[in-house]
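**Q** coords please:
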Amino acid sequence: MSLVTLLPFIVLIGAMFLMTRSAKKKQQAAAQMRNDMQPGTGVRTIGGMYATVKEIQDDTVLLEVAPGVHAVYAKNAIGAVLEDAEYNRIVHGDDASESEGTVVPDDASSLTEGEPADEDVAKIDLGKKAEGDAKADGEGDSK
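**A** Below you'll find the model as predicted:
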């Protein structure tokens, strides 16, 4: 066999080696991140839930998902360990933009600001007339 014939196989094996190597590095980094967790730190689960670590066991983690509400999760379910500033920004809304006065409302109140009140709005005639009005217009019963 010539080298030209073996070249595609060598390239394929090299690509597979590089892909498995990078995946293994990512797995090791994720395992290290989970091992570095400490009680009191904020985390995001792989399902997207934000919580605070309360206790760490060998394979499980006790998370406080709301004040007084605890849940046990597998360590592998922790997707990210967050820094305190990032956790507070996401969960509590603590952000520099709030101190500047730029606050996004959590309801639809901003959509109705500046609109006239109900008594100021003119009533719209939708074409339905009262029975007395219809007879006055000559549209009464014609038997």
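**Q** you'd agree Ile56 is up against Asn35?
**A** No. Counting by C-beta atoms under 8 Å, Asn35 is not a contact partner of Ile56; they are 9.2 Å apart. The C-beta positions use only the backbone N, C-alpha and C, and glycine is treated the same way.
**Q** look at these two and report which has more neighbours.
**A** Applying other C-beta atoms under 10 Å to Ile56 and Asn35 shows that Ile56 carries more neighbours, namely 16 against 10.
**Q** list the contacts of the nearest residue to that one once chain neighbours are set aside.
**A** Of all residues not flanking Ile56 in the chain, Met37 sits nearest, at 6.0 Å (C-beta to C-beta, 6 or more residues apart in numbering). If a contact means C-beta atoms under 8 Å, 6 or more residues apart in numbering, then Met37 has Val43, Val53, Ile56, Val61, Ile78, Val81 as its contacts.
**Q** and of these, the nearest to Thr5?
**A** Thr5 lies nearest to Ile78 out of those, by C-beta to C-beta, at 47.9 Å.
**Q** SS state for Ala85?
**A** Secondary structure for Ala85, judged by DSSP: H, G, I helix; E, B strand; the rest coil, is helix.
**Q** and it, how far from Gln27?
**A** 27 Å (C-beta to C-beta, to the nearest Å).
**Q** kindly report the same for Lys54.
**A** Taking C-beta to C-beta, one finds Lys54 at 26 Å from Gln27.
**Q** show me where this structure has its helices.
**A** Using DSSP state H, the helices of the chain run over 3-35, 84-91, 96-99, 109-112, 131-136.
**Q** looking at those helices, which is closest to Tyr73?
**A** helix 3-35 (10.9 Å).
**Q** show me which positions of that closest one end up buried.
**A** Arg34 (16 or more other C-beta atoms under 10 Å).
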